[in-house]
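Participant: Got a sequence here, can you build the structure:
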Amino acid sequence: MRILFGLLTILGLQQCRCQVDIIEVDPMEGISTDCGYVEVRPGAHMFWLLYHHDESFAPDFLEPLDPVPIFIWLQGGPGASGVGYGNFEELGPLFLNLTRRPTSWTGLGHVLFIDSPVGSGYSYVTSEGEYATDIDQAGLDMVELMRGFYSKTGLQDSPLYIFCESYGGKMASVLGREIVKAVNNGTLQSNFKGVGLGDAWISPMDSVNTWGQYLYQASLLDRNGLSQVESSAARTQQAVDEGRWDDATSLWYATEIAILRNTDNVDFYNILYPHRLPTTPKMSKDGKHFGLKDHLAGLFDRHVAPYAVYSLDELMNGYFKEYLEIIPDTVTWGGQSGDVFSAMNGDFMKPTIDIVDANIADGYKVVVYNGMLDLIVDTPGQELWVERLQWNRTQEFISKRWTPRYYKDGVDTGGFSKDLDNFSFWWVLDAGHMVPTDQGEFMLYLLHDTVTKIIP
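Facilitator: Next comes the predicted model:
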């Protein structure tokens, strides 16, 4: 890749306040990357970005991993960009203001960001008919991408772990399933080891049905507000029970509105963040996004647009796009994200507990982790679907006592975990939806534990 030199003006974001930093040395100098496009289907081009393992970021409280693993990161949405948001806001080597992140995952392994489903981030389609419309197609697309990735990098023998956030949990679980299928039928060579499901949208209704009580117990709803939220959730559940998936997404939006009105706009990603109006700089005056209307526009504005705030948008369509060199001039980072969100609308509220069951049955590591302050995917809802796993040791797992966890000696409790065979559940304290952002050191410890844990 060509390295840019000279004076760069970069917009940085800190707690939604922009600042301008002047950088005289190329911030990517010394950081080893690779990237590429894979045409996963005719007219559907998926983008990947790899940061190579960098010992200069190695955490001093953890032993190096040998062999060096690959950590895939899949963002949520659907339509949000891991190459953008996950990279610069959560776990890549640089913060959004292009200074070094001391908790970068590159200190433990290679980090592979994939913009999925196709159309997210730098990924793009050449016609509307090429967007994925369900999680199964998204999984097949990502397996095709992995074939192209391995062909270019030769890293198929490196231990592979898939980590994710939010809707990315559905993609991570299905990618794990499809990798196992492809390896077993001889169409893919991969040293796949497991999945890490972070605040994952695995069972949407278990989240929606617990929102009211979670907020009530946190003193963020009174009884009147609780009644309104639970009534709306019940209507959403009815739509799901009847298989009216588009209606279910619309009613999910109505339940969110009931929460916002009764909590003075609580933050869905961290209930302790400042309450603010559910708008972003990208929201147009007529309430439309990239052609989206009605409830889809509102949902996009709350759950996808925040992943593309203006300073990140400027970085990805300016300096970073030029740094990567291979992004077509016609491609705007995030330009098709609204179309992705719309195309997956009918799939959004469908549960994927059965796919997680398949991941466990396949014998690979499955780790569920959740931030205690997350609302959109609250921990009580996560516990509910875990208790319904068909795994033959589920009841034994539920009866186990959890274990307190500390990322190093002398620090306060960072969380708790239960482990049985190849399945683990982690409760992460003082973290919301974006666990790597809120608890970076503890997240590195969780990664390290996942890789080094021996399955009996």
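
Participant: quick one, helices of the stretch 301-450 of the chain?
Facilitator: Per DSSP state H, counting those that start in this stretch, the stretch 301-450 of the chain carries helices over the ranges 310-317, 319-324, 337-343, 353-361, 379-386, 394-399, 435-438, 440-452.

Participant: Rounded mean pLDDT for the second one, please.
Facilitator: Helix 319-324 shows a mean pLDDT of 96.

Participant: Quick check: buried residues in it?
Facilitator: Tyr319, Phe320, Lys321, Tyr323, Leu324 (16 or more other Cβ atoms under 10 Å). C-betas here are computed from N, CA, C, even on glycine.

Participant: do the first one as well
Facilitator: For helix 310-317, a neighbour-count test (16+ other Cβ under 10 Å) marks Ser311, Leu312, Asp313, Glu314, Leu315, Met316, Asn317 as buried.

Participant: just stretch 128-138 next, same as before
Facilitator: Those buried within stretch 128-138 under the rule 16+ other Cβ under 10 Å are Glu130, Tyr131, Ala132, Asp134, Ile135, Gln137, Ala138.

Participant: next one: stretch 112-129
Facilitator: 112-125.

Participant: what do you get for stretch 412-428?
Facilitator: Those would be 414-428, for stretch 412-428 by 16+ other Cβ under 10 Å.

Participant: that older thread, looking at the helices of the stretch 301-450 of the chain, which is nearest to Arg261?
Facilitator: helix 379-386 (21.2 Å; Cβ to Cβ).

Participant: Thr255: neighbouring residues, count only.
Facilitator: 23 (other Cβ atoms under 10 Å).

Participant: Was I right to think it contacts Glu230?
Facilitator: No: using Cβ atoms under 8 Å, Thr255 makes no contact with Glu230, being 9.1 Å away.

Participant: Where does pLDDT dip in this protein?
Facilitator: 1-24, 277-310 (pLDDT under 70).

Participant: Let me see the contact set for Asp54.
Facilitator: Ile31, Ser32, Pro93, Ser104, Thr106, Gly107 (Cβ atoms under 8 Å, 6 or more residues apart in numbering).

Participant: which residue packs closest to the first one, ignoring adjacent ones?
Facilitator: Across the structure, with Cβ to Cβ, 6 or more residues apart in numbering as the measure, the residue nearest Ile31 apart from its sequence neighbours is Pro93 (5.5 Å).

Participant: For the helices of the stretch 301-450 of the chain, give me JSON lines that also has distance to Gly243.
Facilitator: Output for the helices of the stretch 301-450 of the chain, formatted as JSON lines (distance: least, Cβ to Cβ, whole Å):
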{"stretch": "helix 310-317", "distance to Gly243": "37"}
{"stretch": "helix 319-324", "distance to Gly243": "42"}
{"stretch": "helix 337-343", "distance to Gly243": "19"}
{"stretch": "helix 353-361", "distance to Gly243": "16"}
{"stretch": "helix 379-386", "distance to Gly243": "19"}
{"stretch": "helix 394-399", "distance to Gly243": "26"}
{"stretch": "helix 435-438", "distance to Gly243": "33"}
{"stretch": "helix 440-452", "distance to Gly243": "36"}
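
Participant: Out of those helices, which is closest to Arg177?
Facilitator: Smallest distance to Arg177 across these (Cβ to Cβ): 5.3 Å, for helix 353-361.

Participant: can I get the CA coordinates of that closest one in PDB?
Facilitator: C-alpha atoms of helix 353-361 as PDB (Å, rounded to 0.1, in the frame of the first residue of the first chain):
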ATOM      1  CA  ILE A 353     -30.700 -19.800  18.800                       C
ATOM      2  CA  ASP A 354     -30.700 -23.000  16.700                       C
ATOM      3  CA  ILE A 355     -27.600 -21.900  14.900                       C
ATOM      4  CA  VAL A 356     -25.800 -21.300  18.200                       C
ATOM      5  CA  ASP A 357     -26.900 -24.800  19.200                       C
ATOM      6  CA  ALA A 358     -25.300 -26.100  16.100                       C
ATOM      7  CA  ASN A 359     -22.000 -24.200  16.900                       C
ATOM      8  CA  ILE A 360     -21.900 -25.900  20.300                       C
ATOM      9  CA  ALA A 361     -22.800 -29.300  18.900                       C
END
